[in-house]
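Undergrad: Please find the sequence and the predicted model below.
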Amino acid sequence: MHRKTFALVGLLVIAAMTLSACGATATDEPPAVDQPTDAPAVEEPTDVPVVEEFVCTDDLGCLDIAPDDPIHIGWMLPITGGASIYGESAIGTMEIAIEERGGQLLGHDILLTGEETGCGAEGGATAAQRIAADPTIVGVIGTTCSSAMTAAMSTISGAGLTIISPSNTSPALTDPGQTWEPGYFRTAHNDLFQGAMAAQFAYDELGARTAAAIHDGDPYTQGLAAAFTDNFAKLGGTVTSTEAVNKGDLDMRPVLTTIAVDSPDVLFFPVFQPEGDFIVAQSVEVPGLEDTILFAADGLLVSPFAPSAGEAALGMYLSGPNVTGSKQAALMDAYVAMHGALPPGPFGEHAYDGINILMDAMEAVAVVDADGTVHIGRQALRDAVEATSGFDGVTGVLDCGPKELQPGVEYRGDCATGEALAVFKVNAEWIASEDVFEVGVHPPFVWAP
Amino acid sequence: MTLDHLKSSLKPGFYAGIVALFISVIGMIETFSNRDIIHGVFSISHTFLVIIALITGYFSATRAQRAGIRQHGIDRRAEVVNAIAGSLIAGFVMGLFLAVLVVVANLINLRPVFVNVTPKLIDLLTFGRPSLAGSIVPLSMFTIVSGLGGALSLFRSDIRRLIVTSLLWFAFAGLISEVIRLSLSRLGVNVARKFVTTRGLTPLGAAVMLALIFAIVYASQRLRDRQRRQPDQSSPARKRAVRFRSWGLIFVLLLVLPWVVGRVPSDVLVLVGIYVLMGFGLNIVVGKAGLLDLGYVAFFAVGAYSTAILTSADQLPNIQLSFWAALPFVIGITGLAGLLIGAPVLRMRGDYLAIVTLGFGEIARFLALSDWFSPVLGGAQGVVKIPNVVIAGIELADPEELYYLIMFFCLITLFISWRLEGSRVGRAWVAMREDEQVAESMGINTIYYKMLAFAMGAMIASLGGAVFAVKLNTVFPFSFSVNVSITVLSLIIIGGIGSIPGVLVGAFALVGLPELLREFDEYRLLLYGVAIIYMMIVRPEGLLPSVRRGRELHEDEMAQDAWGKPAEVIPVPANPELSG
Amino acid sequence: MATITRRIFLKRFSWTGLLLWALRIGVLVIVLWGSISTLASGRYSASTWLALLIAGLAQGSIYALIALGYSLVYGILLMINFAHGEVFMAGIFTSVFLAEALEESGFLARHPFLTIGALLLLSMAVSTTVALLLERIAYRPLRNAPRLVPLITAIGASFFLQYAFRGFFGSGFKVYPEFGRMMGQWNIFGANIQVVQVAVFLAALVMMAGLYWFVERTKTGKSMRAVSEDKEIAALMGIDVNRVIVITFAIGGMLAGAAGVLRGVYQPQGISFFMGFVPGLKAFTAAVLGGIGNIPGAMLGGLFLGVFEGIGPNLILQGLGIPAANQLKDVIAIVMLVIVLIFRPQGLLGERLAEEKA
């Protein structure tokens, strides 16, 4: 027994020494451990300092942030799985936005934490419950996928929170007759904009009079394809067919054959990789599509697309957000400086604008006490975000007020005006870019409304 | 004295090395590095590696001890040396794998192929010294930790159990620190902040937590020991009263649970409840009737979609029922779907049936997604605006309230499952599972009972689907992938097929735990896969086996077929329960 | 025994029999009605059908090669190796990195055939290794377990492999070099026929013939057949059953690896960790369709499925006026599997024996 104890103590000593030698992660424990459970700290009521003149008159109540507490902003984004590129990009740019303010807002540190949503309804609902359960969160940035937001909407809105999405595009989300609930905003463009723009480009610029569309069953691609065909028909064109494929399909010849019978002038397929790659690559083999112009959307506006689809992609068009200019360049430089590489996916710029709108609104409505305590009215924050207009962001001039995007329907919460959308054309240089890790190789921009 | 016996330690070290290397290369280590057990001190990824090393150390120590005894006889002193030396060797071997990874990653850029061998991973493995020389760190680190594990084997067994159990519970508390934070937040943000941060427990929180856990574990062990020493001698009536009281206590606890734990755990409980329901349902189909249904999600989908369509205002505007009015239709429609799917497939052999039902599960999703049915089912855009359930004028909107709905359904199904166990129907299922042809010749109408099992399983799944629909207030086709079927199947397998408590344990382990650790999502199915393979090979009866199944599976070295027909012709042993 | 059971079914449950008859007639009516109305509308020319047929044959040959792996293992162990689709994925997913490297170095442009050879070697080696590891770790301990136990294990293995490879190589989509584009196309009767389609078809045919010869003519093949007849008797006859089983898995793995390269050559895009699951299911369907355990049957089943998938949506569903018919391609495949299993469980070429034995 004695020997055993000795051996054990010896090992423990060695382990302790190694652990302490292992530096950064293993050492500096704060000395606070020496005074466990000091009773007064527990019994102290949380909002003692607010005995002064501030009285909350907000309909939804107020958030009180004590002098030493951080201002807590939450995110609901995918950070694992296939959609994680969007989440990572958004978090990366938000960190830049916070750093640009010196990590502080109204004299408080900014704390940015979040919840994983994945890209589906379940993830959105779960993340929303967690965000809603955290009483310290002032505002939220999220979600990436529209289905996640659909499931999260009532929880987030019911909790009195304000949320700004960097990449939801589903029209239903900002339609008060459908899913929209107060507190929801987005900096991404409504699909109605992109559908209309793509239809206009096809009809006016390409001179197309017949068009076909393919979607892949994703809510996003289905919605965009529907918006395109609706608008194309409205402009006077004929929609020859609306077809669909499944994610995981390899052989697109049957569906292309169906479409080729009518030899439409334009084939619009706002799908993702790899189905989009297959459609493009196999389209050259199907007789009847020789003169059909291929037209896809931002699902394929990603750097690996053109090298993957190959020669067949040459000359095809892609619609998507056109976020360029000096501000975007500066943001990307800052991103590289902070994270060592360009963002892995799109919509980071939208998240950057979103968090800036949110923080501006907080500054606008906050009431600061003499001791530094900040009070933010929940309804006031929503109103302030909605009142944002002429916000000169990276993604263009944003205006969060109500908009009548379709006759008789007033959409709420759409900050983007659709002006930052454009059409691109795939060129040989992009196809030849072999290194798929290299992000930022973009096709030349050809047209904007 | 030769050191031959220490060779036995190489094997555990080798396996542990492979596991550690594997979880590093596939990115698990890096994924979990953003969460700490103790804020800024010890991350979850390090916990994983340390636990692997400790287990390795413990096993190699016992192996070395045993090998030593075999070769050199009993010698207390040599035993200690063997244990320590053996565990150190195993730890060294394990560390070697990671050290080699660090060296290789330093020399070549592995990222173009192995995307998860990032600089951050190397940084984590070397505790912040990602250079070539840093490879020493994992080597020495895991040698020592494994040595600690070996030292653990030298303690008296009750002390060892105390330490190990406490540390495991503590690690668990660290894992769910976010939930602890959110629950504590209800006492006040400042209170929560003292004990838990958004990353993990604070050192203070960790100390309190460890002390608390230690005390509870110690107390419960003492209690159990005392009970074992003095068996309960009270009268049967008294015993019954005690049992009655404890059941009452459990029931009251279940009733107040959501208000104690708060919003987020309640949300998880609701989800666990949905899977418990489906577990009960699939248990009838797979566990009792022996039909391996891999498309169980189809019934879940039918339940969710029919609830959605009947209650939402957007689809079929003429029909808008309340949840309770819709429920009988939902159950009926799904039962009918069960019969419709069942009728053509039930004559098939077990393995064909599995694949075909898998196909039906996919068909359900494809049809929900299709443009063909989108006027009714919503297609890719799903069905939205499903109203909340209203009971007696109270709207069940929050998870705390929804909990009672799922609880209610779970209790009903629990009761049904329990009553079925010994009933005529239940016994017919057992007979059918054991040997279909014998059952048939005994006068059991197998097709009827198979249909019954299928339809009952379907109806129970439809309850899960209905709650799922009102929980999310929307239904999308993507929620009904094959992964749901696999999850339900995994949970009943891991809990123990045919076992009612097994379903509960399985649902908590496979659905609840990953919900608490959302980053885990990426590796969920990977770990399910490992768990299934492991359980099937090592413990096919599950963690909490049903008494009968455990007996069946161990009868005759598992040669007696338990669920499905025998692979080869084997004499069927007489089963006493058939006649009962 | 089975026939007796069936007769009892039909007698006692006339409604089940009725339902099956109704199903039979319903399917026939739907297929005929759809096809006739499509053909009558004259939307598609004969050359279109020809092009779809050839494309379907090429797709089907890839299914067929994977199907052989299912069929062989089933023939010998009577188990469905559910993870076989992942064996296929492992080979091609690994070889894509070699392809990238060879393309970058310019080796591919100089020696395209050598490149394909190297890719075949690597892909087959990886697939075989995975298949053997599966057999050793997951299936061998369960050799005598109840029938559904190895199936469940295989499902676990399938998911494990998918997500392990996702962890190794990431979730992005990789691309094979465009061999197909290099080969060009022929114009036959107004239809565009890709040379690569013919090449894939021929390659699969050659491999199939080789396998058939191996099983029918060599000594190892003979012992494989003996083991599939009766393991115990085979063992008594001095056949090393373990060795035969290992060889069977190895052959299945090699064919899956080769199928991977063919898939890469024919459809270079979209190579990812998930690419094995759906083709695996399709290949299983093909194996059952042709008669599981039967080598020419697997080939026939694969080709039939490929063609049916390619032509079915346009031919049958469109005639019924179903919108976006191609979305339901997989539904057609699954429904076909169900129908075959109901009405001819032994498959197109299967012997009754396969069912009796089970």
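TA: Thanks, I have it.

Undergrad: Show the pLDDT at the residue of the stretch 201-350 of chain C found nearest chain A.
TA: Here the residue of the stretch 201-350 of chain C nearest chain A is C:Gly270; by CB to the nearest CB that distance is 2.8 Å. Where C-beta positions appear, they are placed from N, C-alpha and C, glycine not excepted. We note a pLDDT of 86 for C:Gly270 in this prediction.

Undergrad: quick one, phi/psi of it?
TA: Main-chain torsions, C:Gly270, degrees, to the nearest 10: phi 70, psi 40.

Undergrad: was I right about it contacting C:Gly172?
TA: No. Counting by CB atoms under 8 Å, C:Gly270 stays clear of C:Gly172, with 10.5 Å between them.

Undergrad: So between those two, which is more surrounded?
TA: Between C:Gly270 and C:Gly172, counting by other CB atoms under 10 Å in any protein chain shown, C:Gly270 is the more crowded of the two (24 against 19).

Undergrad: Show me which residues of the stretch 51-200 of chain C sit near chain A.
TA: By CB under 8 Å from any CB of the partner chain, the residues of the stretch 51-200 of chain C that approach chain A are C:51-52, C:55-56, C:59, C:103-104, C:171-173, C:175, C:178, C:181, C:185, C:190-192, C:194.

Undergrad: Just give me the neighbour total for residue 261.
TA: You didn't say which chain, so I picked chain A. Neighbours of A:Val261 under the rule other CB under 10 Å: 16.

Undergrad: let's do chain C instead
TA: As a burial measure, C:Val261 scores 29 neighbours (other CB under 10 Å).

Undergrad: got the contact list for it?
TA: Counting by CB atoms under 8 Å, 6 or more residues apart in numbering or on different chains, C:Val261 makes contact with C:Gly91, C:Ile92, C:Ser95, C:Ile116, C:Leu119, C:Leu120, C:Ser123, C:Met124.

Undergrad: And for A:Ile85?
TA: By CB under 8 Å, 6+ apart, the neighbours of A:Ile85 are A:Pro343, A:Pro344, A:Gly345.

Undergrad: Give me the subset of those lying in strands.
TA: Within those, no residue falls in strands by DSSP state E.

Undergrad: For the nearest residue to A:Asp109 once chain neighbours are set aside, give its distance to C:Ala203.
TA: Counting by CB to CB, 6 or more residues apart in numbering or on different chains, A:Pro70 is the residue found nearest to A:Asp109 once chain neighbours are left out, at 4.2 Å. Computed with CB to CB, to the nearest Å, the distance linking A:Pro70 and C:Ala203 is 64 Å.

Undergrad: Name the residues of the stretch 451-580 of chain B found near chain A, please.
TA: Near chain A, when you scan the stretch 451-580 of chain B using CB under 8 Å from any CB, you find B:471-479, B:515, B:518-519, B:521-522.

Undergrad: and with 6 Å instead?
TA: Residues of the stretch 451-580 of chain B lying close to chain A (CB under 6 Å from any CB of the partner chain) are B:Leu472, B:Thr474, B:Phe476, B:Phe478, B:Ser479, B:Arg518, B:Asp521, B:Glu522.

Undergrad: Ramachandran coordinates for A:Gly325?
TA: Note on A:Gly325: its backbone torsions stand at phi 100, psi 180 [degrees, to the nearest 10].

Undergrad: Relative to the strand ranked longest in chain A, what are the paired strands and their orientations?
TA: The longest strand of chain A (DSSP E) is strand A:108-116. If you go by DSSP bridges, strand A:108-116 pairs up with strand A:71-77 (parallel), strand A:104-105 (antiparallel).

Undergrad: Nearest residue to the residue of the stretch 201-350 of chain C closest to chain A in space, ignoring adjacent ones along the chain?
TA: Nearest non-adjacent residue to C:Gly270, counting by CB to CB, 6+ apart: A:Pro274, 2.8 Å away.

Undergrad: can you give me the helices for chain A?
TA: A:2-21, A:39-43, A:84-100, A:121-133, A:146-158, A:191-200, A:219-234, A:253-260, A:275-283, A:305-309, A:326-339, A:348-365, A:378-386, A:428-432 (DSSP state H).

Undergrad: Any regions of the stretch 1-150 of chain A where pLDDT drops low?
TA: Applying pLDDT under 70 to the stretch 1-150 of chain A flags the ranges A:1-53.

Undergrad: ok now do whichever residue of it sits closest to chain C, which residues does it touch?
TA: In the stretch 1-150 of chain A, the residue that lies nearest chain C is A:Gly82 (5.5 Å; CB to the nearest CB). Counting by CB atoms under 6 Å, 6 or more residues apart in numbering or on different chains, A:Gly82 makes contact with C:Ser171.

Undergrad: Repeat that for the one 5 residues further on.
TA: Contact partners of A:Gly87, counting by CB under 6 Å, 6+ apart, are A:Leu77, A:Pro78, A:Ile79.

Undergrad: Could you save those as a markdown table and add columns showing neighbour count?
TA: Converted to a markdown table, these look like this (neighbours: other CB atoms under 10 Å in any protein chain shown):
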| residue | neighbour count |
| --- | --- |
| A:Leu77 | 31 |
| A:Pro78 | 27 |
| A:Ile79 | 25 |
